[in-house]
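Peer 1: One predicted model, sequence on top.
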Amino acid sequence: MKKVKLNNRNFELYISRDEIQNKISQISNKLNKEYRDKNPVFIVVLTGSIFFATDIIKSFKYDCNVQLVNAKSYGNDMESSGKVQINNLNLDIKDREIVIIEDIVDTGITLNSILNIIKKLEPKSIATVSLLSKPSRRIVKVEVEYIGFEIEDKFVIGYGMDYAELGRNLNDIYILKE
Ligand code: IMP
């Protein structure tokens, strides 16, 4: 079993890079069918979704735009602060087909806030793709159209996701072991 130690916390392999890539192929097939002639705007929620978003967008075969946004809900801790801000949304998205790309939906607070901000800009449609979801942690009900893996209520890192800004560069996803 592959293990990593970050900031004195132990993590174990949870989802391998092959499993991640298989799931990405499945989601990409759906997106290629659904958004073929729609010139979607992929809104990438930084920073945790960087690798997932890159893989998803590279697999999209048709015209699209890409917009990176910052949404902060975590400090260096493992609990959501409940405060969400979204920066650098410069593109005019009125009447556009929006696909939000997230790393993980936990309490749902971040995604819900992003959806509320984006809805006000009057896009034609909005869908969300999230690599991971922790359904048992949900505080706010949010719809996520494309989910990679539903996972248990444990902290995960790797493939873009961090613990205290460490672990993003791992190619597999690891789970916290006490
Ligand atoms: P939410 O607002 O509680 O849904 O939190 C969403 C954000 O919290 C994600 O986009 C991540 O940045 C972060 N997050 C939630 N759970 C984890 C985790 O297990 N590992 C790393 N980041 C997480």
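Peer 2: Perfect, thanks for sending it. Numbers count the residues shown, from 1 in each chain.
Peer 1: so what strands line up beside whichever helix or strand Phe149 is part of?
Peer 2: Using DSSP states H and E, Phe149 sits in strand 146-150. Strand pairing for strand 146-150, using DSSP bridges, gives strand 125-133 (parallel).
Peer 1: now the partner strand, how far from the centre of its chain.
Peer 2: Distance of strand 125-133 from the chain centroid (Cα atoms, centre = their mean, to the nearest Å) equals 7 Å.
Peer 1: just stretch 103-110 next, same as before
Peer 2: The answer for stretch 103-110 is 8 Å, by Cα atoms, centre = their mean.
Peer 1: how about it against the ligand, any contact?
Peer 2: Yes - using Cβ under 6 Å from any ligand atom, we find that stretch 103-110 touches the ligand at 103-110. C-beta here means a position set from N, CA and C on the backbone, and glycine is covered the same way.
Peer 1: Just the ones in strands from those, please.
Peer 2: 103-105 (DSSP state E).
Peer 1: quick check: mean pLDDT across the strand holding Phe149?
Peer 2: For strand 146-150, mean pLDDT rounds to 98.
Peer 1: who in the chain is up against the ligand?
Peer 2: 48, 73-74, 80, 102-111, 155-157, 161.
Peer 1: Okay, strands next: where are they in the chain?
Peer 2: 3-6, 9-15, 41-46, 65-72, 85-87, 97-105, 125-133, 146-150, 156-157, 173-177.
Peer 1: ok, and for stretch 125-139, which residues are buried?
Peer 2: 126-134, 137 (16 or more other Cβ atoms under 10 Å).
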